[in-house]
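> following is a predicted model, sequence given first.
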Amino acid sequence: MALEAWFMDESTEDQRLPHHRNPKEFVSLDHLAELGVLYWRFNPKDYENDEELRKIREARGYSYMDLLDLCPEKVANYDEKLRNFYMEHIHADEEIRYCLEGSGYFDVRDKDDQWIRIWMKPGDLIVLPAGIYHRFTLDISNYIKLMRLFVGEPVWTAYNRPQEDHPARKEYIKGLTGKVGMALEAH
Ligand SMILES: CSCCC(=O)C(=O)O
Ligand SMILES: [Fe+2]
């Protein structure tokens with residue numbers, strides 16, 4: 001099964017539910033790539049010795065790595081952290097997450113400001129570009145174990161929306177319009 005992503009409905013029901021539209025509107029990897037979201041699938045059981053993962057880390061300079069086991073016993077201020085993860089925000093750097101166990105939703109805004117929900121399962125690695133509005137929630141399984149990667153010393157600072165004047169946001173928007181321009185020229 002490939003990565004599943006879809007446009008969300010507008011309902012204010014439990015954030016851990018799938019929130020599909022009716023009828024369902026799935027989103028392709030190509031669409032995600034247009035937003036600058038990258039995706040790989042690896043063997044989550046082999047993360048310590050995975051040659052493919054090593055190559056990506058080397059090529060993209062992901063020198064830093066740690067594991068985040070999202071359960072109340074292992075995470076200080078668990079409830080507050082989850083609340084903050086679900087506040088729409090950006091970072092000055094890429095957000096790189098690799099799901100090793102469990103599952104959860106990364107929501108990203110598309111060009112028209114619609115929410116796209118990305119369902120992360122074991123083996124899925126995504127890169128969210130600097131400056132993209134996003135948020136995270138557990139799903140109804142209530143558990144995920146993630147690898148976090150970073151270029152150099154990690155900075156996890158989240159800047160909550162609105163951030164239209166943040167340099168990373170401006171760069172991101174510039175890159176998006178550049179891509180649209182290229183797509184138009186190709187026709
Ligand atoms: C649980 S990792 C994803 C949450 C997030 O967006 C972040 O850490 O910045
Ligand atoms: Fe984030």
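Yep, it's here. Ligands and ions are numbered 1, 2, ... in the order given.
> quick check: residues of the chain near ligand 1?
Within reach of ligand 1 by C-beta under 6 Å from any ligand atom, the chain has these residues: 85, 95, 97, 134, 136, 146, 156, 158. (C-beta placed from N, C-alpha, C; glycine too.)
> at 8 Å what do you get?
Counting by C-beta under 8 Å from any ligand atom, the chain comes close to ligand 1 at 68, 70, 81, 85, 89, 91, 95, 97, 104, 106, 128, 134-136, 144, 146, 148, 156, 158.
> filter the residues you listed down to just the ones in helices.
Judged by DSSP state H, helices contain the following of the residues of the chain next to ligand 1: 81, 85.
> among the residues of the chain next to ligand 1, which are located in strands?
Per DSSP state E, strands hold the following members of these: 68, 70, 89, 95, 97, 104, 106, 128, 134-136, 144, 146, 148.
> so which of those residues comes closest to ligand 1?
Checking those against ligand 1 by C-beta to the nearest ligand atom gives residue 136 as the nearest, at 3.6 Å.
> what residues are up against the closest residue to that closest one other than its chain neighbours?
In space, and not counting its chain neighbours, residue 136 is closest to residue 85: 4.2 Å by C-beta to C-beta, 6 or more residues apart in numbering. Listed by C-beta atoms under 8 Å, 6 or more residues apart in numbering, the contact set of residue 85 reads 135-137.
> so where do the helices sit in this structure?
Here the chain has its helices, by DSSP H, at 29-34, 51-60, 78-85, 167-185.
> pull out the buried residues from the third one.
Applying a neighbour-count criterion of 16 or more other C-beta atoms under 10 Å, one finds 82, 85 buried in helix 78-85.
> and which of the contacts of residue 85 is nearest to residue 15?
Closest approach between these and residue 15, by C-beta to C-beta: residue 137, at 4.6 Å.
> touching, residue 60 and residue 151? I think so.
Yes: applying C-beta atoms under 8 Å, one finds residue 60 in contact with residue 151, separated by 7.4 Å.
> dump the residue contacts of residue 123.
Contact partners of residue 123, counting by C-beta under 8 Å, 6+ apart, are 41-44, 99.
> can you tell me which of the residues you listed are buried?
Buried, going by 16+ other C-beta under 10 Å: 41-42, 44, 99, out of those.
> contacts only, for residue 103.
119-122, 139, 141, 143-144.
> for ChimeraX, what selects the buried ones among these?
Burial among those is assessed by 16+ other C-beta under 10 Å; the matching ChimeraX selection reads:
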select :119,120,121,122,139,144
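> which one is residue 72 nearest to, not counting chain neighbours?
residue 78 (4.4 Å).
> swap in residue 13?
residue 19 (7.4 Å).
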